[in-house]
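This is the structure alone, sequence omitted:
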C-alpha cells in the first residue's frame with residue numbers, strides 16, 4: 001500500500017481541540033504513515049507527539065504555522081524540519097505569545113465596552129492549554145456564556161476583521177518568518193495559497209527563500225489543486241498538503257481528509273538536506 005502523509009495538523013497547544021496523543025492515535029487509526037504538528041506560533045505539541053508515536057508505524061515531523069502580514073493581508077507560513085528546540089526560536093515565539101496575550105486583553109476590553117463584562121483574561125488563559133492565545137479561545141468563551149449561539153456567530157458579530165472587538169495581531173512579515181525558519185535549518189511553505197490569495201507575491205517570497213506551496217488542501221477542487229501544483233513547479237517549489245485539522249474546532253476537516261504521497265515528504269527532506 002502506498003505510504004501517505006498529512007502535513008498540517010493542529011493540537012490543543014494552539015487552536016485545536018485534540019491532544020498530541022489523540023492526534024497520534026487518530027493518525028494511526030486512519031492508516032497515515034507521516035504527520036506534521038503545525039500549531040500556530042508554538043512548538044509545544046511536537047515533543048509529546050513524537051513521544052506518543054515512539055515504537056509505532058508513524059513518523060512525526062516538527063512543524064509550525066507562523067502568522068505573518070504583508071500589504072494588509074494575513075499570510076500563514078508553514079515551517080518544517082527545523083531545529084525546534086533552538087533557544088533563539090523559543091525566545092522569538094515567547095515574544096509572539098506575549099503579543100497574543102496582550103491582543104487578547106485588548107479584545108476583552110473592547111467586549112467590555114460593548115457591555116459584555118463576564119469574560120476575563122484569566123478565565124481564557126486558564127481554559128486554554130496553550131500560551132499562543134487566539135480568537136478561537138475567546139469565541140469559545142462567548143459561546144459558553146451564551147452570548148452567541150456558535151463560533152461562527154462569535155466571529156461575525158465580534159471578532160472578525162472589521163468587527164467591533166477585533167484587534168490586529170502581531171506584525172511579522174513573511175520574509176522574517178522565512179529567515180527565522182531557514183536560519184534554523186528548515187524549509188518554509190506558503191500555507192493554503194488558495195485561501196490566502198497572494199499569488200502575485202509568490203515570486204518575491206521565492207526570492208526571499210520560500211521553499212514550497214501547500215497545493216493540497218481540504219474542500220478544494222482538483223482544478224485548484226492542480227493550478228497550485230503547476231505554480232509550485234514553475235517556481236521550483238516543493239509541493240505539500242494537509243488537512244489543517246483542528247479537531248472539533250473545525251467540522252469541515254479532519255486528520256487524513258487530505259493525504260499526500262510519501263514521496264512528497266521525501267522531496268521536502270531533500271530540499272532541506274540538499275541530498
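Perfect, thanks for sending it. Computed from a predicted model, the values in this text were never measured in an experiment.

Tell me the secondary structure at residue 77.
Here residue 77 is recorded as strand under DSSP: H, G, I helix; E, B strand; the rest coil.

what about stretch 252-268, average pLDDT?
Stretch 252-268 shows a mean pLDDT of 96.

What number of residues are in the vicinity of residue 148?
Using other CB atoms under 10 Å, residue 148 has 18 neighbouring residues. C-beta here means a position set from N, CA and C on the backbone, and glycine is covered the same way.

Which helix or strand contains it?
Following DSSP states H and E, there is no helix or strand that holds residue 148.

Identify the residues contacting it.
139, 142, 154, 157, 158 (CB atoms under 8 Å, 6 or more residues apart in numbering).

Shouldn't the third one be within a helix?
Yes - with three-state DSSP as the criterion, residue 154 is located in a helix.

Check what pLDDT it gets.
95.

cool, the second one as well?
Taken from the predicted model, the pLDDT recorded for residue 142 is 96.

quick one: secondary structure of it?
helix.

same thing with the fourth one?
The local conformation at residue 157, judged by three-state DSSP, is helix.

try residue 8
Classification of residue 8 by three-state DSSP places it in strand.

now the residue lying closest to it once chain neighbours are set aside: how far from residue 211?
Counting by CB to CB, 6 or more residues apart in numbering, residue 8 lies nearest to residue 242, which is 2.7 Å off, once chain neighbours are set aside. Distance, residue 242 to residue 211, by CB to CB, to the nearest Å: 15 Å.

Specify which residue of these two has the higher count of neighbours.
residue 242 (29 against 25).

So the more buried one versus residue 235, what's the distance?
Distance from residue 242 to residue 235, by CB to CB: 20 Å.

same thing with residue 140?
Taking CB to CB, one finds residue 140 at 38 Å from residue 235.
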